[in-house]
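Undergrad: sharing a model prediction with you, sequence too.
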Amino acid sequence: MKSKYNHPSSYLSAVLASGIKELFAIDAEATVESTDRRFGDFQSNAALQLQKELQRAPRDIAKELAEYLSNIKEVAEAEVAGPGFINITLSDDYWLQFMSNLSDDFGYHESPEQSEKVQVEFISANPTGPLTLGNARGGFIGDVLSNVLDTQGYDVTREYYFNDAGTQVSKLLESVKVEAGLLEVEDRQYSGEYISKLAQDFKEKLTTEDDATLKKLLTKTIFTEYIQPDIKKMNIEFDEWFNETSLIEDGSFDATMDILREKGLLFERDGAQWLNTERGGDPRRERVFIKSNGDPSYFAPDVAYHVNIFSQRRFDRAIKELGPDHVAQFPSVRAVISLLYPDKKLEMVTHQQLRLIKNGQEFKMSKRSGQYVTVGELIDRVGADVARWFMLMRSSDTHMDFDLDLAEEQSQKNPFWYVMYAYVRLNAILRQAREREINSASEMTTIAPIEKEMIKQIALLPDLLDTVSRTYEVHKLTFYGQEFARLFHEWYEEIHVLDLPQNDAAQKLYMLEKIKKMFENYFEIIGIEPLESM
RNA sequence: GCCCCGGUAGCUCAGCUGGAUAGAGCGUCUCCCUCCUAAGGAGAAGGCCGCAGGUUCGAAUCCUGCCCGGGGUACCA
């Protein structure tokens, strides 16, 4: 059972809803938000929304509701403001009670007995070169989204999907051979330092081994020497590495063909097998599935992969974190899947392009041109946590300028340090208190206004996690952290704990220990290692 | 052509499931360390929310059209 103290806004909206029922005899939802400190702890626009249905002036409705609320023990004040808002201030006792009820696993939802099985697929770059910063952006987004879904009790699988056998891999081999001087082509696909290194390392084998073996060797090398180390540096752990070729081996591909035929979605034209996606709502209406030369189109394994996800592996939901070059494909896949599995959910979260800014100018990144900064290099320069924070600071569907100079040279101006510094200051107080042998109390009996603000911000965390788990807007987490840090710094300047009389100081320490735990939960969800000192 | 994303302070961006005086960081300008780490705090300046209509008691937010920027759009992957 959720304690009402863990969700003050939903508690208040329930109270308001029952007030509306009692006063006006109608069922209505009442939204309660916390938008602005100047307007009390929480605000409701319920009266404004009811004016049409009740045919009454919103301020009159608000007045009656405010009176109703004033009689609730937990409500210290409820007043009508502006065109008919109700500003609600909760009692100090409410917040003190709220704090004493804070448990160590605050923010984490209890897992239900039967959790929804969710697959989160992200990065999924093929092993033809090192990860790009765009991959890193998608990686952090996917990882944090998975963490958030974890807190809500979902059964989450983090998956990396790749193909080490297709045309791109042939082009990789070709590029390496060109680099080694064994081949000449007009327009080779891949270049860069890693190609030179591969050409050198495999100089002998390039002439002695056959192409199939070489492809395996090259992709394996790229995986183990470039991709996996970078993912490790990003502090991301995948549960599953899914190879596209296994779809053929485990029969998923054939099973998919059967299902599509059975559903009458395949038709022939110009010697190719086409897939009708129109019925699933795809604006493109049809796509080639098997090319006229008998090979599957690149679209085909993608469909088979999702058949595998929903049929063989029985996921209830799959969330795809996609870069800008893959979004166009998604509607077609979803259209097919919606026809095959109407009860399953296939969703995507996209991120837009990332521009790297260096020396005030755009720094082009491309596997093909070979001019890029790798994820590993970036992390070596600015640190995994700063890189993660930077990438999560902006909404994923806006273009992003990553200022490399700012991130590495002026990192103290990075909001990351602002937030971390709040945690460091908190720990400094606890450390000093230990040295001065001041013990913490077992409860708090008074609460300052700024402390109420901090506790209120903590109380909003479950609502935030719930929102993010539904909207996938992971950037909201960084804004939340900055707001909390702002309140903490304000508090820190205002209240000098160790100068207080011992009894008062002990109470503050009790509060700080609660906040410390909450802070750690927050960092854990966002995937950052908290620092005790800086 | 069609599809996706964006256009909000000098810069980088929040806010967008409609609500009060549109916010933050950086940059600029004041003030605050005998005091738990000043990597901080308090304050000032800075806005036709791309443009034009529409819906609404109320629009940065929803709808339509247009303008500008980015990306995508093959029987390539």
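TA: Yep, that arrived. Numbering: from 1, shown residues only, chains lettered A, B, ... in the order given.

Undergrad: alpha carbons only for contacts and neighbour counts from here, please
TA: Noted.

Undergrad: surely A:His489 meets A:Tyr423?
TA: No - counting by CA atoms under 8 Å, A:His489 stays clear of A:Tyr423, with 9.7 Å between them.

Undergrad: the more surrounded of these two?
TA: A:Tyr423 (22 against 18; other CA atoms under 10 Å).

Undergrad: show me the contacts for the more buried one.
TA: Residues in contact with A:Tyr423 (CA atoms under 8 Å, 6 or more residues apart in numbering) are A:485, A:516, A:519, A:530-532.

Undergrad: what's the end-to-end length of stretch A:119-139?
TA: When the termini of stretch A:119-139 are compared using CA to CA, to the nearest Å, they are 14 Å apart.

Undergrad: that one: how far from the chain's middle?
TA: Relative to its chain's centre, stretch A:119-139 lies at 15 Å (CA atoms, centre = their mean, to the nearest Å).

Undergrad: and which of the contacts of A:Tyr423 is nearest A:Leu340?
TA: The closest of the contacts of A:Tyr423 to A:Leu340 turns out to be A:Phe519 (CA to CA; 43.8 Å).

Undergrad: which residue packs closest to that closest one, ignoring adjacent ones?
TA: A:Tyr423 (7.3 Å; CA to CA, 6 or more residues apart in numbering).

Undergrad: find the helix or strand that the one you found is a member of.
TA: A:Tyr423 is located in helix A:415-435, with elements delineated by DSSP states H and E.

Undergrad: doesn't A:Asn87 fall inside a helix?
TA: No - checked against DSSP: H, G, I helix; E, B strand; the rest coil, A:Asn87 lies outside a helix; its state is strand.

Undergrad: is it true that it touches A:Asp41?
TA: Yes - assessed by CA under 8 Å, A:Asn87 is found in contact with A:Asp41 at 7.4 Å.

Undergrad: list the buried residues in stretch A:126-143.
TA: A:126-143 (16 or more other CA atoms under 10 Å).

Undergrad: how near is the residue nearest to A:Phe519 to A:Val178?
TA: A:Tyr423 is 53 Å from A:Val178, by CA to CA.

Undergrad: go on, A:Val156?
TA: For A:Val156, the distance to A:Val178 - CA to CA - is 43 Å.

Undergrad: A:Arg269 now?
TA: On the measure of CA to CA, A:Arg269 and A:Val178 end up 38 Å apart.

Undergrad: when the two are compared, which one has more neighbours?
TA: Neighbour count, other CA under 10 Å: between A:Arg269 and A:Val178, A:Val178 has more, with 20 against 9.

Undergrad: could you pull up the residues touching that one?
TA: By CA under 8 Å, 6+ apart, the neighbours of A:Val178 are A:184-185, A:188.

Undergrad: the host helix or strand of it vs RNA strand B: in contact?
TA: For A:Val178, the host element (DSSP H and E) is helix A:167-179. Yes - Helix A:167-179 comes into contact with RNA strand B (CA under 7 Å from any atom of the strand), by way of A:167-168.

Undergrad: touching RNA strand B at all, stretch A:62-75?
TA: No - between stretch A:62-75 and RNA strand B, judged by CA under 7 Å from any atom of the strand, nothing touches; the nearest distance is 11.2 Å.

Undergrad: let me see the contact set for the residue nearest the centre of chain A.
TA: Centroid-nearest residue in chain A: A:Leu145, 2.9 Å away (criterion: CA atoms, centre = their mean). The neighbours of A:Leu145, taking CA under 8 Å, 6+ apart as the test, are A:468-469, A:472, A:474.

Undergrad: I'd like those written out as CSV, with secondary structure added.
TA: As requested, those are exported to CSV (three-state DSSP):
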residue, secondary structure
A:Val468, helix
A:Ser469, helix
A:Tyr472, coil
A:Val474, coil
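
Undergrad: and the two most separated of those residues?
TA: Greatest spatial distance in the contacts of A:Leu145: A:Ser469 and A:Val474, 8.5 Å, computed using CA to CA.

Undergrad: more neighbours, the two?
TA: Using other CA under 10 Å, the more surrounded residue of A:Ser469 and A:Val474 is A:Val474, with 26 against 20.

Undergrad: I'd say that one and A:Gly142 touch.
TA: No - in this structure, A:Val474 is not within contact of A:Gly142 by CA under 8 Å, at 9.0 Å.

Undergrad: what residues do those two have in common as contacts?
TA: By CA under 8 Å, 6+ apart, A:Val474 and A:Gly142 have no common neighbours.

Undergrad: how about the residues of the stretch 1-150 of chain A by RNA strand B?
TA: A:39, A:43-45, A:48-49, A:81-83, A:85-87.

Undergrad: so which of the residues you listed are in helices?
TA: A:48-49 (DSSP state H).

Undergrad: Throw the residues of the stretch 1-150 of chain A next to RNA strand B into CSV and include pLDDT and neighbour count, thanks.
TA: Putting those into CSV (pLDDT from 0 to 100; neighbours: other CA atoms under 10 Å) gives the following:
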residue, pLDDT, neighbour count
A:Phe39, 88, 16
A:Gln43, 93, 25
A:Ser44, 93, 23
A:Asn45, 91, 18
A:Leu48, 91, 18
A:Gln49, 88, 16
A:Ala81, 89, 14
A:Gly82, 86, 8
A:Pro83, 87, 13
A:Phe85, 92, 23
A:Ile86, 94, 29
A:Asn87, 94, 24
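
Undergrad: closest one to A:Tyr194 out of the residues of the stretch 1-150 of chain A next to RNA strand B, please.
TA: A:Gln43 (57.1 Å).

Undergrad: isn't that closest one right up against A:Ile86?
TA: Yes - between A:Gln43 and A:Ile86 there is a contact under CA under 8 Å: 5.7 Å.

Undergrad: tell me where the model's unsure across the stretch 301-450 of chain A.
TA: Scanning the stretch 301-450 of chain A with the threshold set as pLDDT under 70 gives A:359-360, A:363-372, A:409-411.

Undergrad: helix or strand for the residue in it that RNA strand B sits nearest to, which one?
TA: Relative to RNA strand B, the nearest point of the stretch 301-450 of chain A is A:Ser395 (3.4 Å; CA to the nearest atom of the strand). Counting by DSSP H and E, no helix or strand carries A:Ser395.

Undergrad: ok, back up a step: least confident of the contacts of A:Val178?
TA: Ranked by pLDDT, the contacts of A:Val178 bottom out at A:Arg188, which scores 81.

Undergrad: residue contacts, that residue?
TA: Per CA under 8 Å, 6+ apart, neighbours of A:Arg188: A:171, A:174-175, A:178.

Undergrad: for those residues, which one is nearest RNA strand B?
TA: Within the contacts of A:Arg188, the smallest distance to RNA strand B is 9.5 Å, found for A:Lys171 (CA to the nearest atom of the strand).

Undergrad: need the pLDDT of the closest one.
TA: A:Lys171 is given a pLDDT of 91.

Undergrad: quick one, phi/psi of the residue nearest to the centre of chain A?
TA: A:Leu145 adopts backbone torsions of phi -60, psi -40, taken as degrees, to the nearest 10.

Undergrad: over to the one 10 residues further on?
TA: For A:Asp155, the backbone dihedrals (degrees, to the nearest 10) come out as phi -90, psi 100.

Undergrad: so what pairs up with it in the strands?
TA: For A:Asp155, the beta-bridge partners under DSSP bridges are A:Lys117.

Undergrad: what's the burial count for it?
TA: A:Asp155: 19 neighbours (other CA under 10 Å).

Undergrad: kindly report the same for A:Ala30.
TA: Counted with other CA under 10 Å, A:Ala30 comes out at 22.
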